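> Sequence first, predicted model second:
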Amino acid sequence: MSEFEAEWARRIGEAERRARATGWGDVADYLALRAANDETRAIGVTWLIETFTAHAATLNRHAGASITIDLKHEAGHRFRVGLSTMVGTRLILRAGVRTMTVEAGWPRTPADGIVRGGGLACAAVSHFGDRRAGEEFLLVRAAGQSPRWLVLEESGTRPQLLEERVLRHINKLIN
């Protein structure tokens, strides 16, 4: 978690405490939900980036893949998903002249737009020079279930993102 995100969480928590103390229960409930969603988003984005990184590192160690891993935890890295702007993290994997980028985040201000499809966060995987190989993912959480990433397929289906699919993307990078 960046310093900015930690400060944001602290301020949301303080605003929630003040709202409860002054009898603004509905505002306090909203702020508590916002804090829980932000924590879920951060955990989901971290898992996605770490999964791609771990599989690339494993291929480097055990298959001599020579993948260069460049993780950008830039404050405010922005990328587009549909008509909305997401703010988050960017991972760049390079193998020779091939490059794959994984971006994950969520809108931070109303001007950024929304996460479509009722999700909490979005991610995009792109392969430089092969637009058709790219995919978008959606972080969702249904009542009583753990958060999970779904693949937004062109057909409209939304299968769960499994590590096999992550490996497919990395294998496309090195083959």
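Nice, thanks for sending it over. Numbers count the residues shown, from 1 in each chain.
> alpha carbons only for contacts and neighbour counts from here, please
Noted.
> Helix or strand: which one has residue 51?
In the assignment (DSSP states H and E), residue 51 maps to helix 25-63.
> Spatially, what comes nearest to residue 65 if we skip its sequence neighbours?
residue 59 (5.5 Å; C-alpha to C-alpha, 6 or more residues apart in numbering).
> isn't the one you found right up against residue 69?
No - if you go by C-alpha atoms under 8 Å, residue 59 and residue 69 don't touch, sitting 11.8 Å apart.
> Pick out the residue closest to the middle of the protein.
residue 104 (3.0 Å; C-alpha atoms, centre = their mean).
> how about the residue nearest to that one when sequence neighbours are not counted, secondary structure?
In this structure, residue 104 finds its nearest non-sequential neighbour in residue 123, 4.1 Å apart by C-alpha to C-alpha, 6+ apart. Assigned with DSSP: H, G, I helix; E, B strand; the rest coil, residue 123 falls in the strand class.
> next one: residue 108
With three-state DSSP as the basis, residue 108 sits in coil.
> Contacts only, for the residue lying closest to it once chain neighbours are set aside.
Nearest residue to residue 108 in three dimensions, chain neighbours excluded: residue 87, at 6.6 Å (C-alpha to C-alpha, 6+ apart). The neighbourhood of residue 87, defined by C-alpha atoms under 8 Å, 6 or more residues apart in numbering, consists of 76, 77, 78, 79, 104, 105, 106, 107, 108.
> would you say residue 87 is within a helix?
No - secondary structure of residue 87 (three-state DSSP): strand, not part of a helix.
> Next, give phi and psi for residue 126.
Phi and psi for residue 126, reported as degrees, to the nearest 10, are phi -130, psi 140.
> Count the residues that sit near the closest residue to it other than its chain neighbours.
Computed as C-alpha to C-alpha, 6+ apart, the closest residue to residue 126 that is not its neighbour in sequence is residue 134, at 4.3 Å. Residue 134 has 15 neighbouring residues, counting by other C-alpha atoms under 10 Å.
> same deal with residue 99?
Neighbour tally, residue 99, other C-alpha under 10 Å: 18.
> Check residue 34 too.
Neighbours of residue 34 using other C-alpha under 10 Å come to 15.
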